[in-house]
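In: Return a 3D structure for these sequence lines:
(one chain, ligands or ions: 3)
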Amino acid sequence: MAPVPNSPVKVGHIDDVQELRKTKPRTVPHRFVRDMTDRPTLPTTPLPPPDTHMPVIDFSKLTKGNKDEIFNLATACQEWGFFQVINHEIDLNLLERIENLSREFFMLPLEEKQKYPMAPGTVQGYGQAFVFSEDQKLDWCNMFALGLEPEYLRNPNLWPKRPERFSETVEEYSREIRKLCYNLLKDIALGLDLKGDVFEKMFGVSVQAIRMNYYPPCSRPDLVLGLSPHSDGSALTVLQQAKGGPVGLQILKNNTWLPIQPIPNALVINIGDTIEVLTNGKYRSVEHRAVAHEEKDRLSIVTFFAPSYEVELGPMPEFVDENHPCMYRRYNHGEYSKHYVTNKLQGKKTLDFAKIQTKNTN
Ligand SMILES: COC(=O)C(/C=C/C1=C(C)CCCC1(C)C)=C/O[C@H]1C=C(C)C(=O)O1
Ligand SMILES: O=C(O)CCC(=O)C(=O)O
Ligand SMILES: [Fe+2]
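Out: Numbers count the residues shown, from 1 in each chain. Ligands and ions are numbered 1, 2, ... in the order given. Predicted coordinates for the structure are as follows:
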């Protein structure tokens, strides 16, 4: 096993949830058991009512410049911060390959996966990200993450040699997802009455990272969380949910956790903190989390797409006026990224970094 570099961050022993599951325990170790108020609401009915369905955007209509679909996209961003994209033009065979390879990676023996350790306090490699103390509750999830673009984010020691063709497939997949992100950002800009290339020009060489999340079954899904509530620090996030998995993603809508029913072959897109700041809160990065399932495992493949770390961000003048006072200060995205990855996932708390605190006049 590769040595884990010495780190000032003391996280204690972190059980590997897949190994824990192998012993089929009827109880869950204390570090995974959430406080009463944080425990999940698990879906009791198979499907949520139709008016609570996440919007579906037809990408093939967007590429034809269909104005109604751009309007639907704008509405989805403003009212949901999340949407599912169908007809996204990414080869379904590629989606299947990345899914199979990710699963094969997680099914490797622990010693093999631990050749690519996520050092405490870092976010790349195999392990649990966002753990910073011994008393922090742990997620019922194993993660494997890689920085992809720009080149300097890459740590070649963390790119797995097994399964075969893993790295090539991650590269191919990431090129396709990058194109999709640029296209969606163009249509998001048009829906905001901005020039189509405004975000591409502003972002410079965009940051891109991939994370595979594996949630094994859990004997007490009512006590644990697959992934803690958070908003994404990206501009856009693209989520692929592996076929045949249970419902796991939940988003916070009107103060209620809403389970999201996956649509086969669709990709889930969400607005991240960058777009919330740029639009001065018109589009919000919505809090979300994942829950575990008693019998089924679940796999998700997530791409984070963000501006270059050199870019200075702040609300665009188009979104600030006397009725919409400036809500966020200007800051450097590299600084935000450092802040994001050195704090535990805690709802939307990370964005306080940029919030202008309004005076309480009472
Ligand atoms: C929940 O969000 C994340 O885990 C996340 C992490 C991304 C990263 C990696 C997995 C490896 C390389 C670094 C990087 C921070 C990009 C979200 O990504 C967002 C958060 C920020 C900030 C960002 O730029 O992308
Ligand atoms: O697995 C999921 O559905 C959610 C993943 C997620 O939100 C993330 O990785 O940031
Ligand atoms: Fe997320």
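
In: drop to CA atoms for contacts and neighbour counts, all remaining ones
Out: OK.

In: what about the strands in the stretch 201-350 of the chain?
Out: Here the stretch 201-350 of the chain has its strands, by DSSP state E, counting those that start in this stretch, at 207-215, 227-230, 236-241, 249-253, 256-259, 267-271, 288-290, 298-306, 312-313, 331-332.

In: Redo those strands as a markdown table? Include distance to ligand 2, mean neighbour count and mean pLDDT.
Out: Converted to a markdown table, those look like this (distance: least, CA to the nearest ligand atom, whole Å; neighbours: other CA atoms under 10 Å; pLDDT from 0 to 100):
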| stretch | distance to ligand 2 | mean neighbour count | mean pLDDT |
| --- | --- | --- | --- |
| strand 207-215 | 6 | 24 | 98 |
| strand 227-230 | 7 | 21 | 97 |
| strand 236-241 | 7 | 24 | 98 |
| strand 249-253 | 4 | 20 | 96 |
| strand 256-259 | 10 | 18 | 94 |
| strand 267-271 | 9 | 24 | 98 |
| strand 288-290 | 5 | 24 | 98 |
| strand 298-306 | 5 | 24 | 98 |
| strand 312-313 | 21 | 18 | 98 |
| strand 331-332 | 22 | 14 | 98 |
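
In: Of all those, which one is nearest Thr27?
Out: Among the strands of the stretch 201-350 of the chain, strand 207-215 comes nearest to Thr27, with 16.9 Å by CA to CA.

In: State which one residue of the stretch 251-362 of the chain is found closest to ligand 1.
Out: Among the residues of the stretch 251-362 of the chain, Ser337 lies nearest to ligand 1; the distance is 3.3 Å by CA to the nearest ligand atom.

In: Isn't that residue up against Val207?
Out: No - between Ser337 and Val207 there is no contact under CA atoms under 8 Å: 10.3 Å.

In: Just give the closest residue to Lys10, not the sequence neighbours.
Out: Excluding the flanking residues, the one nearest Lys10 by CA to CA, 6 or more residues apart in numbering is Ser133, at 5.8 Å.

In: who touches the one you found in this structure?
Out: Going by CA atoms under 8 Å, 6 or more residues apart in numbering, Ser133 touches Val9, Lys10, Val11, Gly12.

In: Need phi/psi at it.
Out: The phi and psi values for Ser133, taken as degrees, to the nearest 10, are phi -150, psi 160.

In: Next: Asn100.
Out: In terms of degrees, to the nearest 10, the main-chain angles of Asn100 are phi -60, psi -40.

In: What does the pLDDT read for the residue nearest to Lys10?
Out: For Ser133, the pLDDT comes out at 88.

In: ok, now how distant is the residue nearest to Glu335 when sequence neighbours are not counted from ligand 2?
Out: Nearest residue to Glu335, sequence neighbours excluded (CA to CA, 6+ apart): Tyr309, at 7.6 Å. For Tyr309, the distance to ligand 2 equals 19 Å [CA to the nearest ligand atom, to the nearest Å].

In: again, but for Gly65
Out: With the distance defined as CA to the nearest ligand atom, Gly65 ends up 30 Å from ligand 2.
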